[in-house]
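Novice: Have a look at this prediction, sequence included:
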Amino acid sequence: MQLADVKLSSLFLLCLQRLARLLDSHAAAVTRLPPSLKDALRAVATASGRLRASSLPCLLHGQVRELELGRCDLDRACLEVLQTCSGLTKLDLSCFAGVARSFDCSALASLFPCLPLLTTLNLNYVVSADDGVTEAVTRHCPRITTLYLQGCAAITDVSLHWMPALRHLQVLNISHTKVTDAGMVHLLNACGKQLHKLFIANCANLTRVTFVAVVRNWVCLERLVCDGCPFEDRQLHREIELREREAKRHNSRAASCPARATSEHSEAEETN
C-alpha cells in the first residue's frame, strides 16, 4: 500500500511537471481546477521558474495566502496580477541569480497598497527596491513582522526612518545596503526593543556607534548578524553574545507564559 502511494505520488508529480511546461496553452482548462490542484501546480511551476504573467492568473484563487516567486522571471504585468491577491500574508519576490526582474521602483511600490494583510515580505536583491518602495510597504502593510531587504543597493537611511511605522516588526535584514550609523541609531531608538533578529552584514558605512546603539536597545534580540562590517571590538562582541543568550531565555519565558496562564485557568475551572 505504501509503495502504491509512492508510485501514485511520483506519477502525480510527473503530471504536474508536464503541465507546468504547457501552462500558457492550457490556461483556460487550468482555471477550472479546484484550489488544491492549483496550489500543487503553482508550487511546481514556481520551483521550476516557469510561471509567467500570462499563466499566473489561472493558478490564483481567493484562498491563496503565500507566494514564493524567487525563481521566476517577473515583469510589470506580473505585479499587476498580484494586485488582485489582497489576502496574501507572505510574499517572496527575492531575486535568484540569473532571474529577471523587469519592473521599476514605481511599479513595485504600487503593489503594496493592494496587500494590507502581508506579514512577511522578501525583496532580497531586487534592484528596484528603493526608499520609495520601503515607504509604500510601511504605509500600507502595517502587519509586517518580517522584512528582507538584503542586497537592495538603493536602500538608504531614508528607509530606516520609515521602519518605526511597522509596529509588529521582529525580523529585519538590511545586509549589503547603504545604511549609516545615523539611520541605524534612529531605527534602534524607535523600535530596537521589539526586534528579535537583525541582519546588517557587510554594511560598509556602519561603525561602533551602531553597535553601541544595538546593545543599548537590546531587549528581545536573539540574533545579530554583522559579518563584514568595518568594526572590531572584542569587548563589545562579548557583550553582544551575552545579550543574545539572555534574549533567548527572555523570549522563551515570554512564550511559555500564555500557555502556563491558560493551564492554570483550566485547572481552576476544573476545581470549581
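Specialist: Nice, thanks for sending it over. Numbers count the residues shown, from 1 in each chain.
Novice: Only the buried residues of stretch 188-198, if you could.
Specialist: Under the neighbour-count criterion of 16 or more other CB atoms under 10 Å, stretch 188-198 has 188, 191-192, 194-196, 198 buried. For glycine as for every other residue, the C-beta is placed from the backbone atoms N, C-alpha and C.
Novice: Make JSON lines out of those and add secondary structure, distance to Arg42 and pLDDT.
Specialist: As requested, the buried residues of stretch 188-198 are exported to JSON lines (DSSP: H, G, I helix; E, B strand; the rest coil; distance: CB to CB, whole Å; pLDDT from 0 to 100):
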{"residue": "Leu188", "secondary structure": "helix", "distance to Arg42": "39", "pLDDT": "95"}
{"residue": "Cys191", "secondary structure": "helix", "distance to Arg42": "34", "pLDDT": "93"}
{"residue": "Gly192", "secondary structure": "helix", "distance to Arg42": "38", "pLDDT": "90"}
{"residue": "Gln194", "secondary structure": "helix", "distance to Arg42": "34", "pLDDT": "94"}
{"residue": "Leu195", "secondary structure": "coil", "distance to Arg42": "32", "pLDDT": "94"}
{"residue": "His196", "secondary structure": "coil", "distance to Arg42": "30", "pLDDT": "94"}
{"residue": "Leu198", "secondary structure": "strand", "distance to Arg42": "32", "pLDDT": "96"}
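Novice: Quick check: the farthest pair among those?
Specialist: Leu188 and His196 (13.6 Å; CB to CB).
Novice: hmm, back to that, go through the buried residues of stretch 188-198 and say which is closest to Thr207.
Specialist: Leu188 (13.8 Å).
Novice: could you dump the buried residues of stretch 188-198 to TSV with distance to Leu91?
Specialist: Formatted as TSV, the buried residues of stretch 188-198 follow (distance: CB to CB, whole Å):
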residue	distance to Leu91
Leu188	26
Cys191	22
Gly192	25
Gln194	22
Leu195	21
His196	20
Leu198	21
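Novice: Just give me the closest of these to Gly151.
Specialist: For these, the nearest to Gly151 is Leu198 (16.0 Å; CB to CB).
Novice: Hmm, that closest one is touching Val225, no?
Specialist: Yes. Under the criterion of CB atoms under 8 Å, Leu198 makes contact with Val225 at 7.4 Å.
Novice: quick revisit: any idea which of the buried residues of stretch 188-198 is closest to Asn124?
Specialist: Leu198 (15.2 Å).
Novice: For that closest one, list the residues it contacts.
Specialist: Applying CB atoms under 8 Å, 6 or more residues apart in numbering to Leu198 gives the contacts 171-172, 214, 221, 223-225.
Novice: now Arg32: how far from Leu22?
Specialist: Distance, Arg32 to Leu22, using CB to CB, to the nearest Å: 16 Å.
Novice: go on, Glu80?
Specialist: Using CB to CB, we find Glu80 at a distance of 24 Å from Leu22.
Novice: who has more neighbours, those two?
Specialist: Remark: of Glu80 and Leu22, Glu80 carries more neighbours, 16 against 13, as counted by other CB atoms under 10 Å.
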